[in-house]
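# Turn this into a structure:
(chains A and B)
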Amino acid sequence: MVAVAALERDAELMLKVRDGDPASFALLLERHRAPVIHFLFRMIQNQAIAEELAQEVFLRVYRSRASYEPTAKFTTWLFRIATHLALNQIRDRRHEKGAESLDEETKDGMSRQLPDRLPNVEQSLLRQARMQEVRIAIEALPAKQKAAVLMHKYQEMEYSQIAGVLGCSESAVKSLLFRAYETLRSRLAHMA
Amino acid sequence: MTMREQTMNCPVTTGNPQALLDYAARTAAPEQASVLARHMAICPECARFAEAQSQVWSALDAWDAEPVPSDFDERLYARIDAESRRSFWSRILGDSFAWKPAVSFAGALATVAVALVLVVPPNRVDQPSVTSPDTARAELDAEQVERALEDLEMLRQLSAGTSGGSSQAL
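Numbers count the residues shown, from 1 in each chain, chains lettered A, B, ... in the order given. Reported below is the predicted structural model:
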């Protein structure tokens, strides 16, 4: 019921944006800014690029306002744009680099990632190490599996919505997720 | 639970292992979750699977995302504003079309044209000019008129010289 209400609310806001109401765009931005940036950050594992791509996502939403029709859930459309940009970025980066090493990327992300909230250094280092292992394990997944896991785990999307974002069937999403979690289970088993 | 029921409820046997993912993610419907819990009590394989998946799920919780930067909206609105102020043609041609090379190219063409006009005379004698019969006739007529005017001028000077000479003589 909450999901239906949210769907109606987002679509309603987007229709108002289409009719030239800038305040509705601000509300949509407020509601979805953080999830989109976080999703892109976890996909790309580079905060600056993730922010840049998130800007592009909302810019594309704004550009498309005139032709917007609420045929699909707003967040499905939003994350489809975000996933498309992220997959392109990953593909381009793979082509560009022989590879900027994963350690370097991790180092960059880690230094930004960890607010020093934990009471002691040992706990902080342990947490940092665990997070780094998670990051490396997710980074190593094929791009589509990665996107599916991030939407499933962190955006709490249903299979049908992930299928809508990735443009595949629900059973294909289940299969993607099953394979991805199987890999993660084997890679992160030692963390138990 | 009988062996038959155990097999019927086993997600692996029934080809629905995703049910265990839902169970570990706590997204399974309550009824399904209780069926799975009863099944796992007698199926060590599924119990191990669900336990391992729960651990992965917990491990992923460790990955916090960075806070959203405070100037995100400001930068976005600046881009939207800049885009709305872009000229009609740049919107039509898109970002891939660069004006600077086009302007440079046009400037270079203009320079060459001016240079040609200054360096090369309009009617070079060493180059055969292609003229139409009408143009040739017009040129011929002009020459005849010039010649006639010269003749008239000569006669005028001659007659003037004659009369001047006569007055001087007087």
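
# for the record, mean pLDDT for the host helix or strand of residue B:31?
Residue B:31 belongs to helix B:30-42 when assigned by DSSP states H and E. Mean per-residue pLDDT for helix B:30-42: 90.

# what does stretch B:53-67 give?
88.

# Quick one: end-to-end distance for that stretch.
End-to-end distance of stretch B:53-67 (C-alpha to C-alpha, to the nearest Å): 28 Å.

# returning to that earlier point: and the helix holding residue B:31, which residues are buried?
The neighbour-count check on helix B:30-42 (16 or more other C-beta atoms under 10 Å in any protein chain shown) flags B:35, B:36, B:39, B:40 as buried. In short, each C-beta sits where N, CA and C put it, glycine included.

# tell me what it is packed against?
On a contact count with 3 or more C-beta pairs under 8 Å, 6 or more residues apart in numbering or on different chains; DSSP states H and E, helix B:30-42 meets helix B:3-9, helix B:18-24, helix B:44-61.

# out of the buried residues of helix B:30-42, which one sits closest to residue A:31?
residue B:36 (34.1 Å; C-beta to C-beta).

# circling back: which one of the helices and strands packed on helix B:30-42 lies closest to residue B:86?
helix B:44-61 (42.2 Å).

# Following the chain past that closest one, name the next helix or strand.
Taking DSSP H and E, what comes next after helix B:44-61 is helix B:72-84.

# Tell me the buried residues in that next one?
Neighbour counts using 16+ other C-beta under 10 Å place B:72, B:73, B:76, B:77, B:80 of helix B:72-84 among the buried residues.

# For the second one, which residues are in contact?
In other words, residue B:73. A:26, A:29, A:33 (C-beta atoms under 8 Å, 6 or more residues apart in numbering or on different chains).

# Can you give me the distance of it to residue B:109?
Distance, residue B:73 to residue B:109, using C-beta to C-beta, to the nearest Å: 45 Å.

# now swap in the fourth one and tell me
Distance of residue B:77 to residue B:109, computed by C-beta to C-beta: 40 Å.

# near chain A, which residues of chain B show up?
Proximity of chain B to chain A, by C-beta under 8 Å from any C-beta of the partner chain, involves residues B:17-18, B:21, B:25, B:27, B:52-53, B:55-57, B:59-60, B:62-66, B:68-69, B:72-73, B:75-76, B:79-80, B:83.

# And residue 130, what's its pLDDT?
Chain wasn't specified; assuming chain A. Note on residue A:130: pLDDT of 86.

# please go with chain B instead
Listed pLDDT for residue B:130 reads 47.
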